[in-house]
Structures are given as structure tokens and as C-alpha cells.
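In: Make a model of this:
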Amino acid sequence: MLRFGFVTCVELGLSCMDAIYHAGGSLAAAFTLRDDLAAQKSGRVYLDGFCAQHGIPLRKVRNVNDPDALAMIRGADLDWLFIVGWSQIARAEVLSATRRGALGMHPTLLPEGRGRAAVPWAILKGLERTGVTLFKLDEGVDTGPIAAQVVVPIEARETATTLYAKVSAAHRSLIEQAWPSLVADVLRLAPQDESRATVWPGRTPEDGRVTADLSPAMADRLVRAVTRPYPGAFVDAKAGRLRIWCAAPFEGERPDEVHVNADGTLVVPVRGGGLIAQPGEWELAGRYQWPEHTSEGNIAG
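Out: I've put the predicted structure just below:
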């Protein structure tokens, strides 16, 4: 019987661990961040309860590449190691620490969309579909051979909130789809077609700025692409920075400036029109941290 391990520290990874048990599988070991480090990271979850419930030995590490962590992985005597939702790049020593290697999951249909910020970019690019790819990690970023993929359709008015939920569900579906081949040791890996490869750059909270040179359609896409769980779109006004979580675009006469109507409706000018955000769809900005989320290649975070 093959032995599997799992490295994660976010909800998505924990959901994938649960999907393995839902598929009738089990884990021989789990690895996560030390508690003192996890407490400092946005979006981190603790695996203690799940591992205790299922009798999974849990090791907590500072960095998956540290000598002590590497020794723990080797000592677990694993065939495959899943690395999902982990912000540290797994080096060659980690990738070769098990008999068959390491598996990651990326929220695009590789080789399209290597890199980060896969959910926002899929909306910003106006794609009609995206997906999740299970693949064997190598020393590149999202370049390893593909094991399986799940397609995720994108609706015309898709938001980051709804697409993130779809992508999260697709991770579970992909685990359950691939699990029989994994446990039977007949998993097939296909090399990626480099002629089709694209790389999507990382994004920061500042990339959510709605600028006056955007068209109404592009401004609308931006708002939908970076709404929750991301930091949100924003404009700077006399009152300060205004965070926009939802808005409707309009074409026509461009307003002179950002303003708030008497009923609390926010109006934002853009090229050839503007955006309207109703009360409750915008707010004075606070501090937001760009989330570390789904595994994105060998940068599994």
C-alpha cells in the first residue's frame, strides 16, 4: 500500500486532506507551520484537530526545506507528498525525499496561467473558463507534468468570491477523481505543452486602484476580480481611500469627480462613463493583506 503525506497550512489544503478521507484514503503524515509562525500569517488554519481525529502524525516546521523538516519527510517513508497551500518554494531535496515525488495543485488549466493571482487574472482577462490542475512538482514554477485537470466555467458576472468557491470545490473534486489512480499506482503524467504556456504575474493590493483611464467594462472587471477574499478595488477621494466591493458600470457622460450622493451611493468616474456602488457595497478603506491562498505551482501558496 502506498503512503501519502500532506503539507499545508490553509483552509484549502485542509479541505483537500478531508477529500482524501472522503475518497476512502488516508495519510501517513502531515506537515504544517509551527504555531508561533502560523499565528502571524493571514488565513492560516491549524491541522491539530483533523490529524488527531484521523490518527495522522503531525509535524510542525519553520520551513519545509530546513534540514530537520527534510529529515521528518524522509523519516515518514512516503511514496507521494502533496504540497498544497504553502508559500515556501519546495527545493529539489524535498521533491526527491519520497519514492515518487511531490504533487501540487494550481488553479488554472496549465500550461495556461502559470504564476500567481490565478482567480483575479481569470476574471480580468475575461476568460470563459478556468480550472484546477494536479501535477508533479519540479524545480520550475508550475512546469511539472500534469496528472489530471478539472474545468471550471466562468459566468459573465463572475466575482472573485464566487470563482474562488468554485475553484476550492474543484480542488476537492480533483483529489477524488485522481485518488483511485494514485492508490493503484497507475497515475499517468503528461508533459506540459510549452508552446501553450503563459505566465500571469503576481498582484498586490495597490493593483486594485480604479483609474480614470479604464473603460467602464474594465473597471467593472477589476472590482469583480479583487473583491473578497482579496483586498478589494479602491479609489482615492477627499475623504480618503474608498474600498469598493461591488459596483455597476455605466457608459455615457463622465462624472467630474468621485462623489457620494445623498443616499450614500458612490459614483466613480472612468473613461466614457463610471461606476456606481450602492450603500454597503463600498466603505472607507482599512488595512488589508493580500491573501496567501491556493497552491500555485512549486510556490504552493
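
In: just the helices in this structure please.
Out: Assigned by DSSP state H, the chain shows helices spanning 11-22, 35-38, 48-54, 67-75, 92-95, 118-124, 160-183, 216-225.

In: Give the other helices and strands that the last one contacts.
Out: Other helices and strands packing on helix 216-225, by 3 or more C-beta pairs under 8 Å, 6 or more residues apart in numbering; DSSP states H and E, are helix 118-124, strand 233-237, strand 248-251, strand 266-270, strand 273-277. Heads up, the C-betas are built off the backbone N, CA and C, glycines and all.

In: ok, and for the third one, which residues are buried?
Out: Of the residues in strand 248-251, 249-250 count as buried by neighbour count, 16 or more other C-beta atoms under 10 Å.

In: Alpha carbons of that strand, as PDB, please.
Out: These are the backbone C-alpha positions of strand 248-251, laid out as PDB (Å, rounded to 0.1, in the frame of the first residue of the first chain):
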ATOM      1  CA  ALA A 248     -22.300  48.500 -11.600                       C
ATOM      2  CA  PRO A 249     -20.700  50.100 -14.700                       C
ATOM      3  CA  PHE A 250     -22.400  52.700 -16.800                       C
ATOM      4  CA  GLU A 251     -21.500  54.400 -20.100                       C
END
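
In: tell me the domain boundaries of the chain?
Out: Annotated domains of the chain cover 4-200, 205-284 [automatic domain parsing].

In: Tabulate those domains in JSON lines, adding columns for mean pLDDT.
Out: Below are those laid out as JSON lines (pLDDT from 0 to 100):
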{"stretch": "domain 4-200", "mean pLDDT": "96"}
{"stretch": "domain 205-284", "mean pLDDT": "95"}
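
In: Tell me the spacing between residue 107 and residue 90.
Out: Here residue 107 is placed at a distance of 18 Å from residue 90 (C-beta to C-beta, to the nearest Å).

In: of those two, who's got more company?
Out: Applying other C-beta atoms under 10 Å to residue 107 and residue 90 shows that residue 107 carries more neighbours, namely 28 against 23.

In: surely that one meets residue 118?
Out: Yes. Applying C-beta atoms under 8 Å, one finds residue 107 in contact with residue 118, separated by 4.3 Å.

In: buried ones in stretch 209-228?
Out: Buried residues in stretch 209-228, counted by 16+ other C-beta under 10 Å: 210, 214, 216, 218-227.

In: wait, isn't residue 152 in contact with residue 133?
Out: No. Here residue 152 lies out of contact with residue 133, judged by C-beta under 8 Å, at a distance of 11.0 Å.

In: So between these two, which is more surrounded?
Out: Shown here are residue 152 and residue 133; by other C-beta under 10 Å, residue 133 has more neighbours (25 against 22).

In: coming back round to it: make TSV from the helices and strands packed on helix 216-225 and add distance to residue 59 to it.
Out: Output for those, formatted as TSV (distance: least, C-beta to C-beta, whole Å):
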stretch	distance to residue 59
helix 118-124	29
strand 233-237	40
strand 248-251	49
strand 266-270	49
strand 273-277	46
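
In: List just the one of those that sits closest to residue 284.
Out: strand 233-237 (9.7 Å; C-beta to C-beta).

In: which helices and strands sit right next to the closest one?
Out: For strand 233-237, the contact count by 3+ C-beta pairs under 8 Å, 6+ apart identifies helix 216-225, strand 240-244 as packing neighbours.

In: let's go with 10 Å and repeat that
Out: Judged by 3 or more C-beta pairs under 10 Å, 6 or more residues apart in numbering; DSSP states H and E, strand 233-237 is in contact with helix 216-225, strand 240-244, strand 266-270, strand 273-277, strand 282-284.

In: outside of that strand, which residues touch it?
Out: Strand 233-237 has contacts (C-beta atoms under 10 Å, 6 or more residues apart in numbering) with 205-212, 219-227, 240-247, 257-260, 266, 268-270, 275, 277, 282-285, 288.
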